[in-house]
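**Q** Build me a model:
(6 chains)
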6 protein chains.
Amino acid sequence: MRPNRVRECWAEGRPAISGWLSIGNSYSAEIVGMSGVDCVTIDLQHAMTDISDMISMLQAISATPATPFVRVPNTEPGIIMKALDAGSYGIICPLVNSVDDAQAVVHAASYPPAGGRSFGPSRGLLYGGPDYAQHADETIVRLAMIETREGLAAVEEICALDGIDGIFIGPNDLGLNLGKGTSADPTDPEVTGAIDHCLGAAKAAGKRAGLFCPSGAVARRRATEGFDFVVPNSDANLLKASLAAELSAAKST
Amino acid sequence: MRPNRVRECWAEGRPAISGWLSIGNSYSAEIVGMSGVDCVTIDLQHAMTDISDMISMLQAISATPATPFVRVPNTEPGIIMKALDAGSYGIICPLVNSVDDAQAVVHAASYPPAGGRSFGPSRGLLYGGPDYAQHADETIVRLAMIETREGLAAVEEICALDGIDGIFIGPNDLGLNLGKGTSADPTDPEVTGAIDHCLGAAKAAGKRAGLFCPSGAVARRRATEGFDFVVPNSDANLLKASLAAELSAAKST
Amino acid sequence: MRPNRVRECWAEGRPAISGWLSIGNSYSAEIVGMSGVDCVTIDLQHAMTDISDMISMLQAISATPATPFVRVPNTEPGIIMKALDAGSYGIICPLVNSVDDAQAVVHAASYPPAGGRSFGPSRGLLYGGPDYAQHADETIVRLAMIETREGLAAVEEICALDGIDGIFIGPNDLGLNLGKGTSADPTDPEVTGAIDHCLGAAKAAGKRAGLFCPSGAVARRRATEGFDFVVPNSDANLLKASLAAELSAAKST
Amino acid sequence: MRPNRVRECWAEGRPAISGWLSIGNSYSAEIVGMSGVDCVTIDLQHAMTDISDMISMLQAISATPATPFVRVPNTEPGIIMKALDAGSYGIICPLVNSVDDAQAVVHAASYPPAGGRSFGPSRGLLYGGPDYAQHADETIVRLAMIETREGLAAVEEICALDGIDGIFIGPNDLGLNLGKGTSADPTDPEVTGAIDHCLGAAKAAGKRAGLFCPSGAVARRRATEGFDFVVPNSDANLLKASLAAELSAAKST
Amino acid sequence: MRPNRVRECWAEGRPAISGWLSIGNSYSAEIVGMSGVDCVTIDLQHAMTDISDMISMLQAISATPATPFVRVPNTEPGIIMKALDAGSYGIICPLVNSVDDAQAVVHAASYPPAGGRSFGPSRGLLYGGPDYAQHADETIVRLAMIETREGLAAVEEICALDGIDGIFIGPNDLGLNLGKGTSADPTDPEVTGAIDHCLGAAKAAGKRAGLFCPSGAVARRRATEGFDFVVPNSDANLLKASLAAELSAAKST
Amino acid sequence: MRPNRVRECWAEGRPAISGWLSIGNSYSAEIVGMSGVDCVTIDLQHAMTDISDMISMLQAISATPATPFVRVPNTEPGIIMKALDAGSYGIICPLVNSVDDAQAVVHAASYPPAGGRSFGPSRGLLYGGPDYAQHADETIVRLAMIETREGLAAVEEICALDGIDGIFIGPNDLGLNLGKGTSADPTDPEVTGAIDHCLGAAKAAGKRAGLFCPSGAVARRRATEGFDFVVPNSDANLLKASLAAELSAAKST
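**A** Numbers count the residues shown, from 1 in each chain, chains lettered A, B, ... in the order given. Sure thing, here's the model as predicted:
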């Protein structure tokens, strides 16, 4: 089975850097996959992207060196299984507020007897290779998003769960749920404290921690702090910022 | 009829700045349209984009302050009329190598008696307003691309043609056709001479000159030189460069 | 934030009139949005329409004066959040049979602390404006569909719920669930009594009431009765009826 | 081979009534196909529709009693052959200004030795049946649009051409080309004279005449005048008018 | 209402043979529908197919003699109702592990009072005919997939449920859940015993039994054993095997 | 630049075997690309496939070992350049009836000074690598289809043209144009003579010859005869035949 580059990074003691796809287009997916990232995450939750976009984006990413992940919209098992059957090597699941939610992710993303994933790995076979079924369970990465007070309260329990590889933090949602407003690089002590607490919980359990960052510089800093999976902003945000800078140059006098 | 912001810029003595869409996606089109550009050009020639993408991109751009243009793949009249019927307010036509080619563009992009555009402005009416048919001919902008030796030789004649609003230069193709290789901001004297010659020919004829630039800074410089329509790179290139910069930051030690 | 025209109608003491999109096409969506309606509702439940259609339809509606609503297929939070992130300003949720179902709608359609909507308003920002996050909760309209015996029994409780702006009645489903068969403009006393009861419950709670109508004339009558949100039939039904009338004229002797 | 209902109407001495699809959607195509029309014409010229829409619309129409036609964007042979391979039973070709243009249509729409249509009738076989190749040439209908002064001058010659089944008039374009402005039901004597002239030329040559009408009533009148193929407006126009009427009823006081 | 050919086969004492669509394309759907099968099942669970593909595939199948079924991804009512509204005449539901799961399928796939299906049979009317609503409940077929230990334990209870027409077995998943690995034509005695047990339970309850087979020969054998609904492999698998055979011939020396 | 496996086969003295995609779907494209073929040809002429399908199919093929070719619909330069920009490594052009037609193919498929291909190799760069522009001209394969009497008469001249790598024969069209009817493996002496003549002309000019075959066995035979590029039938035909065989087994008694 084709290896999961994110697991390879971790085995080598390096954090994995993931692109983040908010534009639901297979050509921009390919551009990001070719950019030097270790991983490309297709966002099915907040992006303007649906299942058929995801399939063509996964196909486009398959020819790049980057490993494809999918951020699913919720813990619904149908979409988790679809993303995996389509060849995703990682699941980032939002709104995991309890160990039961985390268990639902493990169940949907693992074959029996470890879980209840239904058998039919259509593109999994094409992307992963003919031995996909034997190695899928240990190749796929499962990250639970901690972004609410309930999730924070359960983070140790969630990290301890077999089959969960780690946690992923959405700083905007975490801040909002703590009543501190959104910030992609929070400075409020309650929010930064919560992030530190999550990182500590993951490490204590021998698990991984990832988060969404507003820039490569922040991603670098987070990696130094110990995060294992960092996202230097989304394609949509990068395009927006980059175009704003060029426009400002074009309009300067 | 909703005014053409590119013509408004020109009337105010300002160059128009256009975004350039190589990613065939309506969400990134909307992001670019909201960025502060005067115009957004959908590329149907080299981009990974087809007619149905163009239609949804034109719809998405309609809610932004930017005016939509389409760079068609060639002088074939069917696609020029389709872009206009779908609401495009400008046609940038490549491979105009003679005044006959330019005349073909005018013919396809003007209603009788000025031309032979067939009547049925479906989204033109929705975007432009109920008086679309009366004002379309003078609202729409027609730019002929000069990018070959034949085109250079005919540039005065092309600029003199009624209905042609000006020329547009693709520096890569121009350099390649002059045997100097591709460069988005050429320094070879033969290529820069050819660009200057085109700019002069346009100005002498009282017409406009535009070109594709590799950055906002170059766009600014070209505007200072007298260009009336400048493109500070494409969405795909901006995304590529911006991601490379963030990755480099993320990986720096 | 761009205002919600439905709320404006209500503030002015006028009922809002909504188009209804059963044809999953962005061009017909645009035609309806330009027709003079206050609102356009995209039907994701019974129409032949999916999420990617919804996105391009929302983009097309953005350039029209009408405010976009989405009738989601059920109370599943993923699709409610997706519709809002894509720029919908209203959620009409079917099969609300209890105050718990209504609470699920409020939870998915409100940011913390009022609810649990996850943060990432991609097109919301483009459609609504940069202050979207601050005003989304009070701008978005949430209507619970009452269409079953259980829903009828809970209608007072549902109307009393904070965050629910009102109810919406599907006369066909209501009649069917009361054992009276489907009718878009019911005359059966049990069904009309149930509709009156819902209208009364909404008004008593200071909330709004809407319903689907088979024509503009019925919509007018319903508005006179006190309904605040009326739908003068769907695009598919109007096309069907209008074509039948023209065909009959074409074939008459 | 499944018969062409348009030819059946003509054999029975009745005009064929065709729906007209400007909305590029397979569900609305199906609604129109089920409405009682003899034929459904997919517009690839002015409608917001491309080849992939055409294919799914042809598939949807296949299950209805109506025969599918395609109005192609121009005389380019690639798109004519594609429409036929996809199962269209008729070609309406715009901008036929000479007998050479008409000959190009016949050539692209007829197998050797009558023409040069390339062999590969993918959906033709599925729609038409296994004997498609033997009967396609005499089953398919080819209509040349007369809409310019040049076309008018050549109409007798065009009607006389073997393989051309008749002409089709777009009153808007014809009026515009005669300098009389657009009108879907012209009253200007030069335009009505031109229409009468075309009808006469077709009849004199033993060929058919069709035209686009703004309503069923006009279609009826045109059929009485001798037209063999009448279109009681497009789906987009019918939807627009029908919605306007319902809205007016909804808003009346 | 157009009859369900699967029910007709059963009434005539014959097993129904169903094609299986893993390729999400309306043209291949049409090819399979024309092949002589009684039924065509669109797979929404493991195939690379989403709702918009399903709609165009159902439209394409409508013009073929085969009856369309949909294998939904899970018991979620939204997708079951969507498949039915789009014209599917059968629901094959995976992961039915209890009589409650089976009841959820019946509820979503039956109109009140038998169930809670919401009213709005858009394409159901076009495919089935104007009397769709009266006959849908008894025309539609509902098959519950038995593929886990829990499902096996509840098979008698599931078969006894009113509204469930029978069961469907996925041999791969059943084997995997019994700890015997995947096999499309199992020989392990525990797995074959489980299949026999399911077949017996269905027959004892007067219900139907179906299963997925790796070939026509196995389908024939299964029909002889008493199975009522057999699938001679999927389009994707057939294409794969057939191409392998031709390639082997092409490469032989 | 990633090598062209077809050229590698030829360099090794082996014929290239190409899959043929008539189903416009990226998943079946991927299945065929993984099957062991050297090349996969996307048919844009007779298949139910358009440009946006082609793009996603090219992306899907990029992750397989097979090299992608495109059979374009005609000699129109826009579509040839689009296929190349999208990453196709070969152009098979139908209806080449003269050396001028062949020259048009070379012109559109070669950069200046050899031709007039416009510069903008979007996916070419992603698929081929950063040195795409330097090596594209000698990497891309250009095959001219000989299928008419005119083409036959010009075959020596066509084969002699610089930039044409060889010819490709569609036996059905060739037979039809010679008045012998269609046959995928012709036995009529005039047709077989014409095929032999083409093969000889190609070999005499040091060029390649390819043809479409109805099976792997015929492909093998043709390779033995000296053909350098053989197609063991299309995906659609293979699926049709394979399903027919399985159905026959399923129905046998």
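
**Q** Now name the helix or strand holding A:L125.
**A** helix A:122-128 (DSSP states H and E).

**Q** Can you name the residues in contact with that helix?
**A** The contact list for helix A:122-128 (CB atoms under 8 Å, 6 or more residues apart in numbering or on different chains) reads A:1-2, A:55, A:58-59, A:62, A:68, A:84-87, A:89, A:121, A:132, A:135-136, A:139, E:22, E:46-48, E:236, F:27, F:30-31, F:34, F:63-64. The C-beta positions use only the backbone N, C-alpha and C, and glycine is treated the same way.

**Q** quick one, phi/psi of whatever residue of the stretch 51-200 of chain A ends up closest to chain E?
**A** Relative to chain E, the nearest point of the stretch 51-200 of chain A is A:G120 (2.7 Å; CB to the nearest CB). Phi and psi for A:G120, reported as degrees, to the nearest 10, are phi 160, psi 60.

**Q** Give me the nearest residue to it, chain neighbours excluded.
**A** Nearest non-adjacent residue to A:G120, counting by CB to CB, 6 or more residues apart in numbering or on different chains: E:H46, 2.7 Å away.

**Q** Run a quick neighbour tally on the residue of the stretch 51-200 of chain A closest to chain E.
**A** With neighbours defined by other CB atoms under 10 Å in any protein chain shown, the count for A:G120 comes to 21.

**Q** And for A:R5?
**A** Neighbour number of A:R5 under other CB under 10 Å is 17.

**Q** Could you do A:T187 as well?
**A** 9.

**Q** same check, this time on A:M48
**A** For A:M48, using other CB under 10 Å, the count is 31.

**Q** quick one: it from C:I91, how far?
**A** 18 Å (CB to CB, to the nearest Å).

**Q** which bits of chain A sit near chain E?
**A** A:50-52, A:55, A:76-78, A:81-82, A:85-86, A:111-113, A:116, A:118-123, A:133 (CB under 8 Å from any CB of the partner chain).

**Q** let's see it at 7 Å
**A** A:50-52, A:55, A:77-78, A:82, A:85-86, A:111-113, A:118-120, A:122-123, A:133 (CB under 7 Å from any CB of the partner chain).

**Q** Mind giving me the ChimeraX select for these, buried ones only?
**A** Under the burial definition 16 or more other CB atoms under 10 Å in any protein chain shown, those of the residues of chain A next to chain E that qualify are selected in ChimeraX by:
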select /A:50,51,52,55,77,78,82,85,86,111,112,118,119,120,122,123,133
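
**Q** picking up where we left off before, buried among the contacts of helix A:122-128? Need that as a selection in PyMOL.
**A** This is how PyMOL selects the buried members of the contacts of helix A:122-128, with burial counted by 16+ other CB under 10 Å:
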select buried, (chain A and resi 1+55+58+59+62+68+84+85+86+87+89+121+132+136+139) or (chain E and resi 22+46+47+48+236) or (chain F and resi 27+30+31+34+63+64)
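
**Q** Let's see which of the contacts of helix A:122-128 end up in strands.
**A** A:P68 (DSSP state E).

**Q** tell me the centre residue of chain A?
**A** A:I92 (4.3 Å; CA atoms, centre = their mean).

**Q** Run through the bridge partners of it.
**A** Listed beta-bridge partners, A:I92: A:R71, A:L143 (assigned using DSSP bridges).

**Q** Identify the nearest residue to A:A244 in space, disregarding sequence-adjacent positions?
**A** B:S35 (6.2 Å).

**Q** The one you found: neighbour count?
**A** Residues near B:S35, counting by other CB under 10 Å: 22.

**Q** Now do the contacts for it.
**A** A:K240, A:L243, A:A244, A:L247, B:G19 (CB atoms under 7 Å, 6 or more residues apart in numbering or on different chains).

**Q** Just the buried subset of those, please.
**A** Neighbour-count burial (16+ other CB under 10 Å) is assigned, among those, to A:K240, A:L243, A:L247, B:G19.

**Q** Let me see the contact set for the closest residue to chain C within chain A.
**A** Distance from chain C to each residue of chain A (CB to the nearest CB) is smallest for A:H46, at 2.7 Å. Residues counted as contacts of A:H46 (CB under 7 Å, 6+ apart) are C:D85, C:S118, C:G120, C:S122.

**Q** Can you give me the neighbour number for A:R149?
**A** 14.

**Q** I'd say it and A:G175 touch.
**A** No: taking contacts as CB atoms under 7 Å, A:R149 lies outside contact range of A:G175: 11.9 Å.

**Q** Which of the buried ones among the contacts of B:S35 fall in strands?
**A** Short answer: those in strands (DSSP E) are B:G19.

**Q** residue of the stretch 151-253 of chain A with the smallest distance to chain D?
**A** Using CB to the nearest CB, A:D235 is the residue of the stretch 151-253 of chain A that sits closest to chain D, at 25.3 Å.

**Q** Contacts only, for the residue nearest to that residue when sequence neighbours are not counted.
**A** Leaving aside its chain neighbours, A:D235 sits nearest to A:I23 (5.1 Å; criterion: CB to CB, 6+ apart). Taking CB under 7 Å, 6+ apart, we find A:I23 in contact with A:D235, A:A236, B:I23, B:N25, B:Y27, B:S28.

**Q** swap in A:G216?
**A** Each residue near A:G216 by CB under 7 Å, 6+ apart is listed here: A:P232, B:A245, B:E246, B:L247, B:S248, B:A249, B:A250.
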